[in-house]
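In: Model the following, please.
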Amino acid sequence: MSAGTPFNLLDQDLLLLPQRAIYWRQEKTLIAADVHLGKVGHFRKAGIAVPRDMEQGDLAVLSDLIHEYRPEKIIFLGDLFHSDINADWDWFALWRQQFPKLKICLIRGNHDIVHDDNYHRLNITLHDELFIAPFLMLHHPLTAMELQQLNAYVFCGHIHPGVNLAGKARQSLTLPCFAFGDKQAILPSFGKFTGRVAIRSRNTDRIFAVLKDNVIAID
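Out: A predicted model of the protein is given here:
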């Protein structure tokens, strides 16, 4: 069993998972951002040496989460597949066949350029945004001004957030994190083959750093 961290937000019970995803108990839904499947194949096609099994590992982690939490739905907050179809798409199609009853929704991200028909054949629904009260699922974060005009709390990805932790000996480490603001939460990238950007947090933000086996709140 994964050591998820419970977090109640707007009377909704969320479990923040060290696998860089959220399980939403009321909706029986897994939420993940920025998987970037196909990125390995994209780099290998360009002649850059990347281990072939890296993305199969991400799909295996998804499978483990499905078997553990038995979700009825997965929502991907954009950038599910990194580029045009390549050999990695076949692995994804085989993975999808293992869970035919699972609903999968994809919020289109800037890297989601695969033609819609390919997703439809895998019974994946596509959205520019998806509202499931009280949350609005997007890919790109909104500005403070845009958030003021919304009557919803945003879940998004795109920027691969990280939190920088400094030690007493001047050593530092940037860990992936969940960043919860007043009206918007930014999820860490689910895919392991992605970088991360240390974000600036305000005193009102709740930051949860992702360690190997658990998720911890950062004061």
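
In: which stretches of the chain form helices?
Out: 39-45, 54-69, 87-97, 116-121, 144-148 (DSSP state H).

In: closest to Tyr23 out of the ones you listed?
Out: In terms of CB to CB, the element of the helices of the chain nearest to Tyr23 is helix 54-69, at 5.1 Å. C-beta here means a position set from N, CA and C on the backbone, and glycine is covered the same way.

In: Packing partners of that closest one?
Out: strand 21-24, strand 29-32, helix 39-45, helix 87-97 (3 or more CB pairs under 8 Å, 6 or more residues apart in numbering; DSSP states H and E).

In: ok, 10 Å please
Out: With contacts defined as 3 or more CB pairs under 10 Å, 6 or more residues apart in numbering; DSSP states H and E, helix 54-69 has these neighbours: strand 12-17, strand 21-24, strand 29-32, helix 39-45, strand 73-76, helix 87-97.

In: Can you check the pLDDT for Gly195?
Out: On pLDDT, Gly195 comes in at 54.

In: I'd like to know which of the helices and strands packed on helix 54-69 lies nearest to Ala133.
Out: Ala133 lies closest to strand 12-17 among those, at 9.4 Å (CB to CB).

In: partner strands of the closest one, parallel or antiparallel?
Out: Partner strands for strand 12-17, per DSSP bridges, with pairing direction: strand 5-9 (antiparallel), strand 21-24 (antiparallel).

In: what does the longest one rub up against?
Out: Pointing back at strand 5-9 there. Under the criterion CB atoms under 10 Å, 6 or more residues apart in numbering, residues 13-18, 22-25, 134-135, 153, 155, 178, 180, 185, 206, 208, 210, 214-217 lie in contact with strand 5-9.

In: Filter those down to the buried ones.
Out: Buried residues within the contacts of strand 5-9, counting neighbours by 16 or more other CB atoms under 10 Å: 14-18, 22-24, 135, 153, 155, 178, 180, 185, 208, 210, 215.

In: Once you drop chain neighbours, what's closest to the residue positioned nearest the centre of the chain?
Out: The residue lying closest to the centre of the chain (CA atoms, centre = their mean) is Ala33, at 2.0 Å. Residue nearest to Ala33 in three dimensions, not counting chain neighbours: Gly157, with 2.6 Å by CB to CB, 6 or more residues apart in numbering.

In: among the helices of the chain, which is the most enclosed?
Out: Of all these, helix 39-45 carries the top mean neighbour count, a mean of 20, counting by mean count of other CB atoms under 10 Å.

In: Mind checking the pLDDT average for it?
Out: Across helix 39-45, pLDDT averages out at 45.

In: Longest strand of this structure, counting residues only.
Out: Ordering each strand of the chain by length in residues (DSSP state E) puts strand 172-180 first.

In: ok, it: who's next to it in the sheet?
Out: With DSSP bridges as the test, strand 172-180 pairs up with strand 161-166 (antiparallel), strand 184-186 (antiparallel), strand 206-210 (antiparallel).
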